[in-house]
Structure formats: structure tokens, C-alpha cells
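Undergrad: The sequence isn't on hand, but the structure is:
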Ligand SMILES: C[C@H](OP(=O)(O)OC[C@@H](O)[C@@H](O)[C@@H](O)Cn1c2nc(=O)[nH]c(=O)c-2cc2ccc(O)cc21)C(=O)N[C@@H](CCC(=O)N[C@@H](CCC(=O)O)C(=O)O)C(=O)O
């Protein structure tokens, strides 16, 4: 069952524009960042109840995806982290395919496995983790 609610665009213009071009083109345009594939995650605002959309690097394995709350290695988690903690139901668009998922934050061995996949997909994640004392959270999104 897709998420319902009023879409609230990101205040970050570069993200808002990438997400909107991605969706408007049916997942055929704006699908990369520096040549590496991107997906669009839709979460439900933990406070506003609005639909929030984030572009994330594509990290996929066996039909599940990782959502890496890196925020470039900033000291704080991205806000969407709180949305997924409060409402684990999410939508993810990978190219032309948009599906429903449930998100769960992973730790330990499972996180290490997904972190390896994430860094293989987007090596900058390793730099981001070196840059901050914050342990970058990883969610796994499993298809419903
Ligand atoms: C700017 C802020 O966004 P954010 O949720 O912190 O997410 C920051 C970034 O992670 C997000 O912009 C990502 O899309 C950036 N980004 C990546 N960010 C990542 O963390 N990881 C990635 O792999 C990644 C890749 C990527 C690729 C392309 C691209 O264009 C952007 C990419 C934001 O939207 N703030 C809103 C609030 C958003 C929100 O969800 N509010 C909640 C409140 C939740 C609460 O406070 O509890 C609500 O509506 O209820 C605002 O200030 O009004």
C-alpha cells in the first residue's frame, strides 16, 4: 500500500531537483550522481506526517536495499533517519520501478555486510565514516 500524504519538497534545491526530475521522467533521468546509480526513498515525516523524498546511492542485494544515513559524514544524522525510525514503511524507486518496503536499522555482522556492499557501490561512504565520530546508520529495506 503506497504511502499517502502531502509531498513536502526538500529545502535542498539540488536534492529536490534531482528527485523531481527522477520521478517526472519515470526513473529514466537524473538517476546518477557522478556516474553512480541513485534511488529515490520516500518516507513519512515523523512530526509533519508529510511525504519526504530523498535521493540516496543505490545499494541493492537480492531485492533488498540499504539506506545509508551518511549525510556526507556530517556530525548529525539526516532528518529522514528519524522518519524511518518512527515509520518503517517506505517507498523506494529504482529507475522505473517503485515499490513498498519496510525499513529496519541493522547492526553487527549484518551491518558490516551491508556496509561492504555500500562502499563497493559508492566508495565515498568510507571517507564519510572516517570524517566523523558518528557511526553512520544503515537501514535495510525489505520488499513488502
Ligand atoms: C535537508 C533535510 O534533509 P534530510 O532528511 O536531513 O536528508 C539530508 C540528505 O540525506 C538528503 O538530502 C539526501 O537526499 C542527500 N543524498 C544522500 N544522503 C545520504 O544521507 N546518503 C546518501 O547516500 C545520499 C545520496 C544522494 C544522492 C544524490 C542526491 O541528490 C542526494 C543524496 C530536510 O529535508 N529537512 C527538512 C525536514 C525534513 C523532515 O523529514 N522533517 C520531518 C521531521 C522529522 C524529525 O525531526 O523527527 C517531518 O517532516 O516530520 C526541513 O528542514 O524542513
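TA: Received it, and whenever you're ready, just let me know what you need. These figures come from a predicted structure and were not determined experimentally.
Undergrad: Any stretches of this structure with poor pLDDT?
TA: The chain contains residues with pLDDT under 70 at 1.
Undergrad: Quick check: the residue of it nearest the ligand.
TA: residue 45 (2.3 Å; C-beta to the nearest ligand atom). C-betas here are computed from N, CA, C, even on glycine.
Undergrad: Who are the contact partners of that residue?
TA: By C-beta atoms under 8 Å, 6 or more residues apart in numbering, the contact list for residue 45 reads 5, 8, 51, 52, 83.
Undergrad: Out of these, which are close to the ligand?
TA: 52, 83 (C-beta under 6 Å from any ligand atom).
Undergrad: Name the member of the contacts of residue 45 with the most neighbours.
TA: residue 83 (24 neighbours; other C-beta atoms under 10 Å).
Undergrad: correct me, but it touches residue 43?
TA: Yes. Contact criterion C-beta atoms under 8 Å: residue 83 and residue 43 qualify, at 3.8 Å.
Undergrad: what residues are shared contacts of those two?
TA: Contacts common to residue 83 and residue 43, judged by C-beta under 8 Å, 6+ apart, are residue 52.
Undergrad: Could you tell me which residues of the protein lie near the ligand?
TA: Looking at the ligand, the residues of the chain close enough under C-beta under 6 Å from any ligand atom are 10-12, 14-15, 18, 33, 38, 45-48, 50, 52, 54-57, 68-71, 78-80, 82-83.
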